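Q: here is a sequence with its predicted model. Questions after.
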Amino acid sequence: MKPYNLDHVAIAVRDLDAALGEYERLYGVRPLYREVVQEQGVEEAMIAMGGSFVQLLQPLSPETPVGTFLEKNGEGLHHLAFAVADIAIALADLVSEGARLIDESPRIGGRGAKIAFVHPKQTAGTLIELVEHADGP
């Protein structure tokens with residue numbers, strides 16, 4: 001199953017308020033929504049950019065995956081997210097192709113979407129997230 005869209009580009013930030021202020025000042029954009037996703041250990045904000053989004057991620061604590069990422073790499077690109085129509089089929093297809101998955105089954109992310117991550121070692125060091133939106137494509 002092929003992704004049907006680049007859903008979002010996720011950027012890890014230390015201070016979500018400051019980052020949102022810069023995006024508004026520089027690009028004249030505001031987030032469509034902002035929410036805490038406890039299960040992921042982040043507060044996120046989603047900004048529309050054409051047909052895709054920029055997702056800003058602030059960790060809830062240094063021990064979360066995004067907190068660890070920030071400590072190791074600093075602020076910047078965290079992952080790319082591809083929208084898929086059926087995440088279970090997409091994961092099965094990836095497994096059949098020998099992909100190394102971080103999530104073998106989907107979990108719930110922001111906006112109630114089903115998400116799963118593919119290990120970055122097979123994608124030029126870039127973490128890939130698959131997203132199936134609750135309201136469909």
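A: Perfect, thanks for sending it.

Q: show residues contacting the helix or strand of the chain with the lowest mean pLDDT.
A: Taking mean pLDDT, DSSP states H and E as the measure, the chain has strand 107-108 as its least confident helix or strand, at a mean of 94. Outside strand 107-108, the residues within contact range by Cβ atoms under 8 Å, 6 or more residues apart in numbering are 39, 114-116. Using the backbone N, CA and C atoms, a C-beta is placed for each residue, glycine as well.

Q: okay, now Glu129: neighbour count?
A: 22 (other Cβ atoms under 10 Å).

Q: over to the one 4 residues further on?
A: His133: 15 surrounding residues under other Cβ under 10 Å.

Q: ok, now how distant is it from Val13?
A: According to Cβ to Cβ, to the nearest Å, His133 stands 24 Å off from Val13.

Q: next: Asp93.
A: With Cβ to Cβ as the criterion, Asp93 and Val13 are 33 Å apart.

Q: who has more neighbours, these two?
A: Using other Cβ under 10 Å, the more surrounded residue of Asp93 and Val13 is Val13, with 21 against 14.
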